[in-house]
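Trainee: Give me a 3D structure for the following:
(2 chains)
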Amino acid sequence: MTLLIKDEYPEKLFREDGKRLDGRDKTELRPIKMEVGMLKNADGSAYIEWGNNKIFAAVFGPREVHPHHLAKPDKGILRVFYRMATYSVFDRKRPAPGRREKEISMIIADCIKPVLFLELYPGSSFELFIEVIDADGGTRCASTTIAALALADAGIPMRSLITSVAVGKIDGELVTDLSGIEDKAGEADLPTAITWFNEELSLLQFDGDMTLKELETLMTYAKDALTKIYEMQFNTLKQKYIDIQEGINQKTNENEKGGDN
Amino acid sequence: MSDEEEVSEEYNNFEEEEEADTARELVVPGEILTDDIKNFIPGRGTIYSTDKKKIVSLHIGLKQISKNYINVIPLRGLYVPQPGDKVIGIIVDKNPVKYKLDINSNDFGQLKPKNTIKKGKPMGRRMGRPNYRDNRQSRDDFSTDKFNIGDILIVKVLSADRLNKPELTTIGKYLGKKHSGIVITIDPPKIPRVIGRDGSMIKMLKKLTNTRIFVTQNGRIYLEGEDLVHERLLIDAIRKIEREAHTVGLTDRMQAYIENEKVKRDIK
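Mentor: Here you go, the predicted model:
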């Protein structure tokens, strides 16, 4: 099922049975599927399908900085290139990087920096390329989530992983993980990201209006959702290696059985 | 040049990474390794948590406990040059005073002409002083005509730190330009697995494929066999080791694999 994004939004963002337009409960996440290490030429890579979002992330580094004048003599630099494909949204997106992409690249870089040991790599750069193939709300959160996976897959030392999710308010109700249409027609949108080594927020943007009490409730919603996604990240990273071990075990079992016969 | 010597030379450089061949726990960055900080100290690839009450991992890797240290052996990662390492480099650029070598690290290595020419011993003594008359420095000692861009060299790291480019030398045993053979690259953290405990894996590979192998710490492996069929088999085997580096009982499995493939490919 494809979601066509039009200028007119539905009047109600909840169905008559109290669920959201895509059939979710208020605090339910969209289905998430993650994978690591599928790009051969990158040092580390990750892919995510979060609802209708489809995003690739690739990490290169540490390596020489080009252009050279960007290099810092006392620490490494992290450069993030968040890009959207022309076909990723309903209207054709112009391919040149725009204001929005530069902003998101910057916030993702600022969000990730606390977990990296950049001071160990003076004069080098880490480059993180994020390609949004299909977009449907919450791409900055999905991008941050897999950026952490790609960095871990590249073997870059990290204090911990980072997880990100958006919470918000639609039709007067507080919800977790806004989809594209809820993001546009809703009242408030609050992307958050957490660095797990100190359990502090590394990203907090706010757009819309809500009371202070509602904000507090939303933060508890966000914490629950982040914990769930963190577990998925853990399992995704390990699954790559567990799959190989299981394949071997299966093979040896088959051989043993064959030997008995 | 004896093959056995090559091996013994190489695996002495690695720390005791290949310990008991038992299943080790897979950990990811930020995963808590232990709460017991009284009995354990963070070793390689680990760090105290922010509240100093736990020890956490920095890498995706395998948890290993040796004495009271907790280490994490990374499964992916970059080669960091250390003085004394033997590495395989490719000349990517040169100017009249130095060569620039790609050594599979975050920085390019530099090779100065004075480090490519072997100086002989003094020819006896003359008037009470060592006589260097027959090996005085000539103009050729300071030009970069000896090697060309694209040459593959086995070099030794003379000095390396975080701030300066690693300095290399081609003077020494087994070092210098390679004229034939194949160089393949694998993940540098998986090199100890290719060598195996006390060189068991590499000895087995050499014996079964009848190929000369030189394994270097930056993840590059030089190999030269009697024909392409044997070299192809060895490359496939090394790729399999790289993929299954975190599993248990690898040497026995690899021996079975090579023997199986030999029958399949009809190799003697």
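Trainee: Please count neighbours and contacts with C-alpha atoms only from this point.
Mentor: Will do.
Trainee: Name the residues of chain B found near chain A, please.
Mentor: Counting by CA under 8 Å from any CA of the partner chain, the positions of chain B adjacent to chain A are B:26-31, B:45, B:49-50, B:57-60, B:74-78, B:105-107, B:162-163, B:243-244, B:246-247.
Trainee: quick one: low-confidence parts of the chain?
Mentor: Since no chain was named, I'll use chain A. A:1-7, A:258-261 (pLDDT under 70).
Trainee: switch to chain B, that's the one I care about
Mentor: B:1-23, B:119-126, B:130-141.
Trainee: how's it carved up into domains?
Mentor: B:3-11+B:180-265, B:26-74, B:86-119+B:138-177 (automatic domain parsing).
Trainee: could you measure the nearest residue to B:Tyr48 once chain neighbours are set aside against A:Ile112, distance?
Mentor: Spatial nearest neighbour of B:Tyr48, chain neighbours left out: B:Ile55 (4.6 Å); criterion: CA to CA, 6 or more residues apart in numbering or on different chains. Per CA to CA, to the nearest Å, B:Ile55 is found 21 Å from A:Ile112.
Trainee: List phi and psi for B:Tyr174.
Mentor: phi 70, psi 0 (degrees, to the nearest 10).
Trainee: rewinding a little: to A:Phe126, which of the domains of chain B lies closest?
Mentor: domain B:86-119+B:138-177 (10.2 Å; CA to CA).
Trainee: end to end, how far does that closest one reach?
Mentor: In domain B:86-119+B:138-177, first residue to last residue: 13 Å (CA to CA).
Trainee: and the residue in chain A that chain B sits nearest to, how many neighbours?
Mentor: Here chain A gets closest to chain B at one residue, A:Ser160, 3.7 Å apart by CA to the nearest CA. Applying other CA atoms under 10 Å in any protein chain shown, we find 26 other residues in the vicinity of A:Ser160.
Trainee: same question, A:Gly98
Mentor: 12.
Trainee: do the one 3 residues further on as well
Mentor: A:Glu101 sits with 16 neighbouring residues when counted by other CA under 10 Å.
Trainee: Does it touch A:Lys93 like I think?
Mentor: No: applying CA atoms under 8 Å, one finds A:Glu101 not in contact with A:Lys93, separated by 11.4 Å.
Trainee: which residues do these two both contact?
Mentor: Overlap between the contact sets of A:Glu101 and A:Lys93, as judged by CA atoms under 8 Å, 6 or more residues apart in numbering or on different chains, is given by A:Met84.
Trainee: which parts of the helix or strand that contains B:Glu261 are buried?
Mentor: Assigned by DSSP states H and E, B:Glu261 belongs to helix B:250-265. Across helix B:250-265, burial judged by 16 or more other CA atoms under 10 Å in any protein chain shown covers B:Leu250, B:Thr251, B:Met254, B:Gln255, B:Ile258, B:Lys262.
Trainee: what do you get for stretch B:214-229?
Mentor: By neighbour count with 16+ other CA under 10 Å, stretch B:214-229 contains the buried residues B:Phe214, B:Val215, B:Thr216, B:Gln217, B:Asn218, B:Gly219, B:Arg220, B:Ile221, B:Tyr222, B:Leu223, B:Glu224, B:Gly225.
Trainee: Then stretch B:146-157?
Mentor: Buried, per 16+ other CA under 10 Å, within stretch B:146-157: B:Phe147, B:Ile152, B:Leu153, B:Ile154, B:Val155, B:Lys156, B:Val157.
Trainee: So what touches that stretch?
Mentor: B:81-94, B:166-172, B:174-179.
Trainee: Send me it as PDB with only the CA atoms.
Mentor: Output of stretch B:146-157 as PDB, limited to C-alpha atoms (Å, rounded to 0.1, in the frame of the first residue of the first chain):
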ATOM      1  CA  LYS B 146      64.700   3.100  -7.000                       C
ATOM      2  CA  PHE B 147      60.900   2.400  -6.900                       C
ATOM      3  CA  ASN B 148      58.000   3.500  -9.000                       C
ATOM      4  CA  ILE B 149      54.400   4.400  -8.300                       C
ATOM      5  CA  GLY B 150      52.400   1.200  -8.100                       C
ATOM      6  CA  ASP B 151      55.200  -0.900  -6.700                       C
ATOM      7  CA  ILE B 152      54.300  -3.200  -3.900                       C
ATOM      8  CA  LEU B 153      56.800  -3.200  -1.000                       C
ATOM      9  CA  ILE B 154      57.100  -5.100   2.200                       C
ATOM     10  CA  VAL B 155      58.200  -2.500   4.700                       C
ATOM     11  CA  LYS B 156      58.800  -2.100   8.400                       C
ATOM     12  CA  VAL B 157      57.400   0.700  10.500                       C
END
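Trainee: quick one, helices of chain B?
Mentor: For chain B, the helices defined by DSSP state H cover B:3-11, B:191-195, B:200-209, B:228-243, B:250-265.
Trainee: The shortest one - contacts with which helices or strands?
Mentor: For helix B:191-195, the contact count by 3 or more CA pairs under 8 Å, 6 or more residues apart in numbering or on different chains; DSSP states H and E identifies helix B:200-209, helix B:228-243 as packing neighbours.
Trainee: So which of those is nearest A:Ala85?
Mentor: helix B:228-243 (32.5 Å).
Trainee: Find the closest residue to chain A in the stretch 101-250 of chain B.
Mentor: Closest point on the stretch 101-250 of chain B to chain A, by CA to the nearest CA, is B:Asn106, at 4.6 Å.
Trainee: quick one: buried residues of stretch A:79-89?
Mentor: A:Arg79, A:Val80, A:Phe81, A:Tyr82, A:Arg83, A:Met84, A:Ala85, A:Thr86, A:Ser88, A:Val89.
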